[in-house]
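Q: sharing a sequence plus its predicted fold:
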Amino acid sequence: MKILMIFILCIMFLLFTSGVNAQNTISSDIDSEDAEAWFNKGVALDDLGIYEEAIKCYDKALEIDPHDAYAWNNKGIALDYLGRYEEEIECYDKTLEIDPQFAIAWYNKGVVLSYLERFEEALEYYDKTLEIDPQFGDAWYNKGVALSYLERNEEAVECYDKSLEINTYSADAWYNKGVPLDDLGRYEEAEEAFEKAHENVISFTPGFEAIFTITGLLAVVYLLRRKK
């Protein structure tokens with residue numbers, strides 16, 4: 001229990017300092033010709049959920065360096081939060097013109113195409129993501145979702161299996177695997193998948209789930225600030 005409390009306090013301290021750093025990044029003076037500084041300010045604003053202002057910062061970075069693939073990609077993500085999907089797609093297209101091996105941009109475009117129910121197109125982008133990074137578990141999962149919507153159930157099950165090879169404890173993947181299995185009349189396998197989903201939902205206590213969530217958010221913040 002003592003070790004757990006120390007761990008929780010460390011996480012809380014890191015979260016606090018992360019927020020302070022984000023605020024400092026926003027409030028600090030920026031060299032108007034420093035593309036990286038504008039990019040970092042955009043990331044900090046993203047962290048705080050201030051997406052309109054983040055987009056303005058990415059735009060400033062891109063005025064200085066129009067070939068910054070990370071700034072185009074991050075602008076697309078901020079636009080996603082605002083529901084501006086067509087503009088978001090344009091940003092990922094720009095990213096991929098600059099860096100055709102940018103797996104996350106291929107994936108992000110696949111996700112927004114799925115939002116727009118353009119599932120056949122989305123599949124092309126998930127496939128390209130997986131060509132670059134075969135261990136991209138979320139791409140396997142979302143490819144399975146798109147295939148399920150297209151009622152290509154056998155292929156969907158295969159994708160969920162691939163996703164579960166990478167993340168065995170994904171309740172969502174287990175549950176979604178059960179749906180096409182049920183549609184295919186493979187009821188025993190479907191029941192087993194639904195049971196696995198239930199097991200993985202309840203396998204973490206709320207306290208631990210919160211810890212893992214906070215740790216994950218901090219990891220994202222850490223990686224975003226070191227993209228350049």
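A: Now that the structure is in, tell me what you want to look at.
Q: work out for me the element the nearest residue to residue 192 once chain neighbours are set aside sits within.
A: Nearest residue to residue 192, sequence neighbours excluded (C-beta to C-beta, 6 or more residues apart in numbering): residue 178, at 8.0 Å. C-beta: built from backbone N, CA, C; applies to glycine. Take DSSP states H and E as the rule and residue 178 turns out to sit in helix 171-183.
Q: what mean pLDDT does the helix or strand where residue 39 lies have?
A: Assigned by DSSP H and E, residue 39 falls within helix 35-47. Throughout helix 35-47, pLDDT has a mean value of 97.
Q: circling back: next up, the contacts around the residue nearest to residue 192.
A: Listed by C-beta atoms under 8 Å, 6 or more residues apart in numbering, the contact set of residue 178 reads 189-194, 197.
Q: which regions of this protein lie under the pLDDT threshold?
A: Applying pLDDT under 70 to the chain flags residues 1-31, 203-228.
Q: now with 90, please.
A: 1-33, 201-228 (pLDDT under 90).
Q: which stretches of it form helices?
A: Along the chain, the segments classed as helices by DSSP state H run 2-27, 35-47, 51-64, 69-81, 85-98, 103-115, 119-132, 137-149, 153-166, 171-183, 187-202, 206-224.
Q: nearest to residue 143 among the contacts of residue 178?
A: residue 193 (17.3 Å; C-beta to C-beta).
Q: shouldn't the closest one be in contact with residue 172?
A: No. Residue 193 lies out of contact with residue 172 (C-beta atoms under 8 Å); the separation is 11.3 Å.
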